[in-house]
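# what follows is a predicted structure for the sequence shown.
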Amino acid sequence: MALVFHCTSCTWLQRKTFPINRRYSTNIRRGATTCEYRIPVEISSPADRGALAVPSHKVTVHDRQRGVVHEFEVPEDQYILHSAESQNINLPFACRHGCCTSCAVRVKSGDLRQPQALGISAELKSQGYALLCVGFPTSDLEVETQDEDEVYWLQFGRYFARGPIERDDYALELAMGDE
């Protein structure tokens, strides 16, 4: 099988210079020609690829907030959150870019790679925290979701001298009413 691309901007010089993989036919109009690029392609199924197939890993997520355990397969080249969503599994998230702590988890067993996890420090990563939105599994993985405020406090709490900030729901309600 071959993919055929029609070229409408070829000049006579280009046709003379690059005759390989082209087939020319004279058009009905005098002096006009067209050319086609023919590129041989091979169609194969994922099963035919053999060694080129990307390995998948079983990911188990213990969702503490909802009291649910999710188990699903994730290829090594896909984000855990994206793969879960494509399998209709709802997990906590906000930014999808690794910049917040909404999808933070604590790794119970297994390994993952998270080069773009800017929302958690290297210190928290070394303690087993990870972000599902930018995490790639490298082995079978078991994780537990964390409270976003808890992870935020672990990361930034030492910078606040008075301790955790109390949430004022009434002030938040007033602020939302102004919009």
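Looks like it arrived, so ask away.

# okay, and for the protein, where does confidence drop off?
Per-residue confidence for the chain (pLDDT under 70) gives these ranges: 1-52, 158-168, 171-172, 175, 178-179.

# all strands of it, in order?
Listed in chain order, the strands of the chain (DSSP state E) span 2-7, 22-26, 33-40, 56-63, 68-75, 104-109, 112-113, 129-131, 136-137, 141-145.

# tell me which strands the fourth one pairs with, and in which orientation.
The strands that strand 56-63 pairs with in its sheet are strand 68-75 (antiparallel), strand 141-145 (parallel) (by DSSP bridges).

# deepest in the core, which of those strands is it.
Looking across the strands paired with strand 56-63 with neighbours counted as mean count of other C-beta atoms under 10 Å, the highest average goes to strand 141-145: a mean of 20. For the C-beta atoms, the positions are set from N, CA and C on the backbone; glycine is no exception.

# that one vs strand 104-109, what angle?
Computed with axes from the mean of the first three to the mean of the last three C-alpha atoms, to 10 degrees, the direction of strand 141-145 lies at 140 degrees from that of strand 104-109.

# mind exporting strand 141-145 as CSV, just the C-alpha atoms?
Extracted in CSV, the C-alpha atoms of strand 141-145 (Å, rounded to 0.1, in the frame of the first residue of the first chain):
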residue,chain,number,x,y,z
LEU,A,141,1.6,0.9,41.6
GLU,A,142,-0.6,1.3,44.7
VAL,A,143,-1.3,4.8,45.9
GLU,A,144,-3.6,6.6,48.4
THR,A,145,-5.2,10.0,47.7
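
# what does it contact?
Strand 141-145 is contacted from outside by 57-65, 74, 80, 91-92, 104-112, 130, 132, using C-beta atoms under 8 Å, 6 or more residues apart in numbering.

# can you flag the buried ones in those?
Applying a neighbour-count criterion of 16 or more other C-beta atoms under 10 Å, the buried members of the contacts of strand 141-145 are 57, 59-63, 74, 80, 91-92, 104-107, 110, 112, 130, 132.

# where along this protein do the helices fall?
Remark: helices of the chain, listed N- to C-terminal, are 12-17, 80-86, 122-126, 148-156, 169-177; assignment by DSSP state H.

# tell me the most buried of the ones you listed?
Among the helices of the chain, judged by mean count of other C-beta under 10 Å, the one packed with the most neighbours on average is helix 80-86 (a mean of 18).

# do you know how far residue 114 is from residue 132?
As defined by C-beta to C-beta, to the nearest Å, residue 114 lies at a distance of 9 Å from residue 132.
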